[in-house]
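Asker: Predicted coordinates and the sequence they were generated for:
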Amino acid sequence: MKIGVQSIHFSADSKLLDFIQKKANKLDQFFDQIISGEVYLKLENVDNEANKVSEIKLIVPGGTLFAKEQCKSFEEATDLAIESLRKQITKHKEKTRKKISEQKSVLIESEISDY
């Protein structure tokens with residue numbers, strides 16, 4: 001899966017980029033039809049320590065999945081966003097399978113009624 005990483009108002013080191021790529025590649029285990037993904041890393045201007053934001057957008061057949069997390073480190077925020085996307089992927093797969101099975105049952109019913 002192709003993942004683009006954009007760090008806004010700072011430059012991300014290669015260790016962080018490798019971490020993000022490794023975590024994102026694990027999503028292929030749950031859904032192998034992911035087309036591409038974009039990761040946006042931002043530093044928020046807030047008073048507390050949890051000022052690191054990770055936004056991940058995945059393009060899948062039939063839609064776009066998005067997750068945004070804010071934590072003390074980019075690694076933690078990315079980890080939580082990936083977990084959220086894993087849940088979204090599972091739901092997306094279930095919906096897709098349900099639609100396909102409904103369409104198949106309609107086709108079978110129409111073939112039976114033709115006889």
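Answerer: Great, that's in hand. Residues are numbered from 1 along each chain as shown.
Asker: Lys23: what's it in contact with?
Answerer: 78-79, 82 (CB atoms under 8 Å, 6 or more residues apart in numbering). All C-beta spots, glycine's among them, are computed from the backbone N, C-alpha and C.
Asker: pLDDT, secondary structure and neighbour count added to the residues you listed, as JSON lines?
Answerer: Shown next, in JSON lines, are these (pLDDT from 0 to 100; DSSP: H, G, I helix; E, B strand; the rest coil; neighbours: other CB atoms under 10 Å):
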{"residue": "Thr78", "pLDDT": "95", "secondary structure": "helix", "neighbour count": "25"}
{"residue": "Asp79", "pLDDT": "95", "secondary structure": "helix", "neighbour count": "17"}
{"residue": "Ile82", "pLDDT": "96", "secondary structure": "helix", "neighbour count": "20"}
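Asker: any chance of those residues in JSON lines, plus distance to Leu41?
Answerer: Shown next, in JSON lines, are the contacts of Lys23 (distance: CB to CB, whole Å):
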{"residue": "Thr78", "distance to Leu41": "8"}
{"residue": "Asp79", "distance to Leu41": "13"}
{"residue": "Ile82", "distance to Leu41": "13"}
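Asker: just those residues now: which is nearest Ile100?
Answerer: Ile82 (26.4 Å; CB to CB).
Asker: ok, and the closest non-adjacent residue to the closest one?
Answerer: Lys23 (4.9 Å; CB to CB, 6 or more residues apart in numbering).
Asker: and the one you found, what element?
Answerer: For Lys23, the element it lies in under DSSP states H and E is helix 14-25.
Asker: Kindly export that helix (C-alpha atoms) in CSV.
Answerer: Written as CSV, here are the backbone C-alpha positions of helix 14-25 (Å, rounded to 0.1, in the frame of the first residue of the first chain):
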residue,chain,number,x,y,z
SER,A,14,13.2,8.8,9.1
LYS,A,15,12.6,6.7,12.3
LEU,A,16,9.1,8.2,12.7
LEU,A,17,8.4,7.7,8.9
ASP,A,18,9.4,4.1,9.1
PHE,A,19,7.2,3.6,12.2
ILE,A,20,4.2,5.0,10.4
GLN,A,21,4.8,2.9,7.3
LYS,A,22,5.2,-0.3,9.4
LYS,A,23,2.0,0.4,11.3
ALA,A,24,0.0,1.3,8.1
ASN,A,25,1.2,-1.9,6.3
